[in-house]
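Trainee: here is my input; please provide its structure:
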Amino acid sequence: AWSREPIPTIRVQFSQRGEIMRKGLLFVALIVLAAGCGGGGGGGGSTPPAGQSDGVERIDAAMRDVMRRYSPPGIAVAVVRDGKLVFTAAYGNADLAGTVPLEPDHLFRVASVSKPITGIAALRAAEEGLLDIEAKAFEILAPYLPPSDADSRIGDITVWHLMHHTGGWRLWGYPNDPLFRTKEIADDLGVAMPPSPQDLVRWLAKQPLSFDPGTDFNYTNIGYVALGRVVEQSTGFDYEDFVQRFVLEPAGITTARLGGITREERFPEEVEYESFRDRIWKSVYDGVTVVDEPAYGGINLFGFDASSAWAISAVDMARLAAATDGAETYPDVITRESFRTMTRVGTPPGTPPVGVAWFLGTNAVGSTQEWNHSGGMPGTTSLLARLTSGVIVAVVSNTARDGNFYSDLSGGLIDAVNGISEWPETDLFPEYK
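Mentor: Now for the predicted structure:
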């Protein structure tokens with residue numbers, strides 16, 4: 001049974017009410033939510049926000065309901081409309097002891113919401129004339145070329161295929177995903193644990209394909225690790241450095257960074273993650289020991305940097321979406337052409353409509369109306385979505401739970417903003433720099 005601790009103090013900021021036309025949230029489970037059920041949630045009282053509008057009451061009530069039902073340590077929310085941060089809230093605590101109140105600018109691991117960051121970085125590299133997204137990926141990744149007896153179709157995989165999960169591998173889910181095969185990969189390559197991003201791509205280049213590149217879709221984490229190395233090889237920059245300089249800093253994001261594996265590597269402004277023992281999560285340092293807290297030592301974030309390792313605040317998640325949404329209300333960091341590329345369906349007919357990293361919602365004539373990406377792994381649940389109305393929502397928690405936690409968290413947020421009709425001009429972004 002879920003713990004029903006009193007809801008901790010809530011800090012909420014808001015500036016307006018508005019209307020979101022919800023046609024349904026596209027949800028795809030993008031990393032296995034393998035954390036077991038368990039209690040949690042900090043103690044402490046509950047302080048209702050003062051002077052709130054009807055709209056804010058709806059959002060606040062929805063998030064309070066999730067806190068009551070699941071007792072997560074914390075939840076952070078941000079909502080953007082017309083380029084303005086119109087609502088942000090922090091519920092619960094940043095630490096598991098319940099002593100550090102959560103703030104909207106605390107850093108969270110966001111798991112697979114890292115992939116849009118990498119996809120945007122690849123588009124920026126193309127804009128700089130450093131990368132051709134139609135180029136053969138393993139021509140760029142020359143240091144990772146497979147042995148002569150590898151699948152010959154590897155040479156047909158393009159950067160575009162990596163961007164859209166159409167490269168040809170079926171390496172998703174337990175136990176196939178290389179996230180769960182740390183020891184196997186290290187032993188196969190004769191390298192130390194945990195394998196580096198470079199090691200993972202060398203291993204990937206040796207794997208047989210399950211379908212011809214571009215003919216089918218199969219979501220892969222390791223494919224985005226390869227895309228991160230494409231960014232490195234084509235630009236001459238370290239992956240993280242390129243993302244910081246060409247994506248995040250131009251968008252006004254200064255605190256996001258790649259997260260570490262252990263609790264000791266946690267940043268001062270980063271939350272603490274709640275996770276539960278599960279036999280599938282073994283130490284990334286020996287591949288044998290089942291770790292008590294998979295969020296610390298059970299996930300190779302060092303290796304899976306470009307697919308799963310970014311730590312960013314809810315406010316900056318929303319800021320990044322605003323800076324790449326093709327609208328003029330918040331300065332974009334990508335060109336109009338890149339925006340069209342990012343939101344164009346790049347997957348074959350009969351498969352999920354996917355753009356550059358984003359899962360797309362399209363209308364009857366195939367025009368993209370909305371895009372989203374979710375993330376989940378032990379210690380993290382996240383969503384970043386741009387809705388049909390143009391409203392951007394970001395929500396993240398420092399836990400992952402079985403059952404309906406994700407759908408209640410994300411769907412509750414979307415339902416809560418439905419029907420909000422008045423939007424003042426106040427912008428909260430300047431308060432979070």
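
Trainee: how about the helices in the protein?
Mentor: Taking DSSP state H as the test, the helices found in the chain are 54-70, 114-127, 137-140, 159-164, 182-189, 197-204, 222-235, 239-243, 305-308, 314-322, 336-342, 405-417.

Trainee: other SSEs contacting the third one?
Mentor: If contacts are counted by 3 or more CB pairs under 8 Å, 6 or more residues apart in numbering; DSSP states H and E, helix 137-140 sits against helix 159-164, helix 222-235. To be clear about C-beta, it is placed using only N, CA and C from the backbone, and glycine gets the same treatment.

Trainee: what sits up against the first one?
Mentor: Residues outside helix 159-164 that contact it (CB atoms under 8 Å, 6 or more residues apart in numbering): 119, 122, 131-135, 137, 140, 166-168, 213-214, 217, 223-224, 226-227, 230, 346-347, 354-357.

Trainee: could you redo the last one with a cut-off of 6 Å?
Mentor: Outside helix 159-164, the residues within contact range by CB atoms under 6 Å, 6 or more residues apart in numbering are 119, 133-135, 137, 167, 213-214, 223, 226-227, 230, 346-347, 354, 356.

Trainee: the last one too?
Mentor: Counting by CB under 6 Å, 6+ apart, helix 222-235 makes contact with 115, 118, 121-122, 125, 130-131, 137, 140-141, 159, 162, 167, 171, 178, 197, 200-201, 204, 239, 242, 304, 306-307, all of which sit outside it.

Trainee: same thing but at 7 Å, please
Mentor: Helix 222-235 is touched from outside by 115, 118, 121-122, 125, 130-131, 137, 140-141, 159, 162-163, 165, 167, 169, 171, 178, 197-198, 200-201, 204, 238-239, 242, 303-307, with contacts defined as CB atoms under 7 Å, 6 or more residues apart in numbering.

Trainee: quick one: mean pLDDT over it.
Mentor: Mean pLDDT, helix 222-235: 98.

Trainee: need the helices of the chain in CSV (columns: distance to T289).
Mentor: Shown next, in CSV, are the helices of the chain (distance: least, CB to CB, whole Å):
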stretch, distance to T289
helix 54-70, 29
helix 114-127, 26
helix 137-140, 35
helix 159-164, 33
helix 182-189, 11
helix 197-204, 20
helix 222-235, 23
helix 239-243, 29
helix 305-308, 21
helix 314-322, 33
helix 336-342, 41
helix 405-417, 27
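
Trainee: with mean neighbour count and distance to G260 added, can I get those in TSV?
Mentor: Below are the helices of the chain laid out as TSV (neighbours: other CB atoms under 10 Å; distance: least, CB to CB, whole Å):
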stretch	mean neighbour count	distance to G260
helix 54-70	20	26
helix 114-127	26	14
helix 137-140	21	28
helix 159-164	24	25
helix 182-189	18	16
helix 197-204	23	14
helix 222-235	25	17
helix 239-243	20	12
helix 305-308	28	11
helix 314-322	27	19
helix 336-342	17	29
helix 405-417	20	24
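
Trainee: and P101, which of those helices is closest to it?
Mentor: In terms of CB to CB, the element of these nearest to P101 is helix 54-70, at 13.6 Å.

Trainee: from G168, how far out is S152?
Mentor: For S152, the distance to G168 (CB to CB, to the nearest Å) stands at 11 Å.

Trainee: neighbour count for those two, which is higher?
Mentor: G168 (24 against 10; other CB atoms under 10 Å).

Trainee: identify the residue nearest that one in space, chain neighbours excluded?
Mentor: Setting aside the residues directly before and after it, G168 is nearest to L209 in space (CB to CB, 6 or more residues apart in numbering), at 3.4 Å.

Trainee: quick check, the one you found in contact with L171.
Mentor: No. L209 is beyond contact range of L171, at 10.4 Å (criterion: CB atoms under 7 Å).

Trainee: ok so, going back, T255: which of the helices of the chain is closest?
Mentor: helix 314-322 (7.0 Å).

Trainee: just the angle for the closest one relative to helix 114-127, thanks.
Mentor: Going by axes from the mean of the first three to the mean of the last three CA atoms, to 10 degrees, helix 314-322 is angled at 40 degrees with respect to helix 114-127.

Trainee: for helix 314-322, name the packing helices and strands.
Mentor: If you count contacts as 3 or more CB pairs under 7 Å, 6 or more residues apart in numbering; DSSP states H and E, helix 314-322 packs onto strand 74-81, strand 84-92, strand 380-386, strand 392-397.

Trainee: now that helix: average pLDDT?
Mentor: On average, helix 314-322 scores 98.

Trainee: try stretch 426-433
Mentor: Stretch 426-433 shows a mean pLDDT of 93 in the predicted model.

Trainee: in that stretch, which residues are buried?
Mentor: Neighbour-count burial for stretch 426-433 flags D427, L428, F429, Y432 (criterion: 16 or more other CB atoms under 10 Å).

Trainee: picking that back up, including distance to Y296, could the helices and strands packed on helix 137-140 go into a markdown table?
Mentor: Conversion of the helices and strands packed on helix 137-140 to a markdown table gives the following (distance: least, CB to CB, whole Å):
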| stretch | distance to Y296 |
| --- | --- |
| helix 159-164 | 30 |
| helix 222-235 | 21 |
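
Trainee: closest to T88 out of those?
Mentor: helix 222-235 (28.1 Å).

Trainee: circling back to that earlier point, tally of neighbours for the residue nearest to G168?
Mentor: Using other CB under 10 Å, L209 is surrounded by 17 other residues.

Trainee: can you pull the contacts of it?
Mentor: With contact set as CB under 7 Å, 6+ apart, L209 has these partners: D151, R153, G168, W169.

Trainee: follow-up on the earlier one: of all the helices and strands packed on helix 314-322, which one is nearest F405?
Mentor: F405 lies closest to strand 380-386 among the helices and strands packed on helix 314-322, at 6.5 Å (CB to CB).

Trainee: contacts for the closest one?
Mentor: 25, 108-111, 113, 116, 273, 317, 321, 325, 370-375, 392-400, 405-406, 409-410.

Trainee: what pairs with it, parallel or antiparallel?
Mentor: Strand pairing for strand 380-386, using DSSP bridges, gives strand 368-377 (antiparallel), strand 392-397 (antiparallel).
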